[in-house]
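Asker: got a predicted model here, sequence first, then my questions.
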Amino acid sequence: ETGVTQTPRHLVMGMTNKKSLKCEQHLGHNAMYWYKQSAKKPLELMFVYSLEERVENNSVPSRFSPECPNSSHLFLHLHTLQPEDSALYLCASSQVSGTDTQYFGPGTRLTVL
Amino acid sequence: TQLLEQSPQFLSIQEGENLTVYCNSSSVFSSLQWYRQEPGEGPVLLVTVVTGGEVKKLKRLTFQFGDARKDSSLHITAAQPGDTGLYLCAGRTGGFKTIFGAGTRLFVKA
């Protein structure tokens, strides 16, 4: 497995469910990111972890809870979501040096009913 | 609020035509990336530019970073249907924040 992988690729959940999104990077990077991509809007940065510490938290509702157990894995725990949270959730990773170019996973398409 | 304005938002052209996509900002970027994204997939990196005035070529794609590192352009020569997709520019300003443009959706007709 190479690059950045995300599971599941598609998720449908009710507003009372609890689910988790998983991201794994195989690039040896030490920073990981969660983004939300909604139709016709720029990517919105949600969370950033550097060396397993959260360094950015862009006013994201508490119904989204990130977890970074090590530099290769990142989770996004979801609970009591709203229909407007339906979007493509993208994980990315980068090296904390140089150009810090981010490499993205394929995303999880989330639908909240 | 830092913005990265991308234009045009949508472009539909015939195969063989040339096109240019622009990204403009009032912010200075330490680096700028161009990505291409297909429906239901994540953005795929095309290029990173770092130095003001830098020009990079990737087959029929030419990327330029402005001298002041506030703007960039992507030029595609002789577009092909395989070039169809959403093109995103992203500027790094320092720290961990990256500003993304809203994207240019390109459709190349055979």
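Answerer: Yes, it's here.

Asker: for the closest residue to chain B within chain A, give its distance to A:Y89.
Answerer: Closest approach between chain A and chain B, counting by C-beta to the nearest C-beta: A:F104, at 3.7 Å. The C-beta positions use only the backbone N, C-alpha and C, and glycine is treated the same way. Distance of A:F104 to A:Y89, computed by C-beta to C-beta, to the nearest Å: 11 Å.

Asker: these two: which has the busier surroundings?
Answerer: Legend: neighbour count by other C-beta atoms under 10 Å in any protein chain shown for A:F104 and A:Y89, higher for A:F104 (25 against 22).

Asker: do a quick rundown of the strands in chain B.
Answerer: For chain B, the strands defined by DSSP state E cover B:5-7, B:10-14, B:19-24, B:31-37, B:44-49, B:55-58, B:61-65, B:71-76, B:85-94, B:97-100, B:104-109.

Asker: could I get the pLDDT score of residue 59?
Answerer: Here I'm looking at chain A. pLDDT, A:S59: 84.

Asker: I was thinking of chain B, sorry if that wasn't clear
Answerer: On pLDDT, B:K59 comes in at 95.

Asker: can you list the residues of chain B near chain A?
Answerer: Taking C-beta under 8 Å from any C-beta of the partner chain as the criterion, chain B approaches chain A at residues B:4, B:30-31, B:33, B:35, B:40-45, B:48, B:50, B:88, B:90, B:92, B:95-103.

Asker: in ChimeraX, select just the buried ones from these.
Answerer: A single ChimeraX command selects the buried members of the residues of chain B next to chain A (16 or more other C-beta atoms under 10 Å in any protein chain shown):
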select /B:4,31,33,35,41,42,43,48,50,88,90,92,96,98,99,100,101,102,103
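
Asker: hmm, A:M46 is touching A:V60, no?
Answerer: Yes - using C-beta atoms under 8 Å, A:M46 is in contact with A:V60, at 4.9 Å.

Asker: with that, I have no additional questions.
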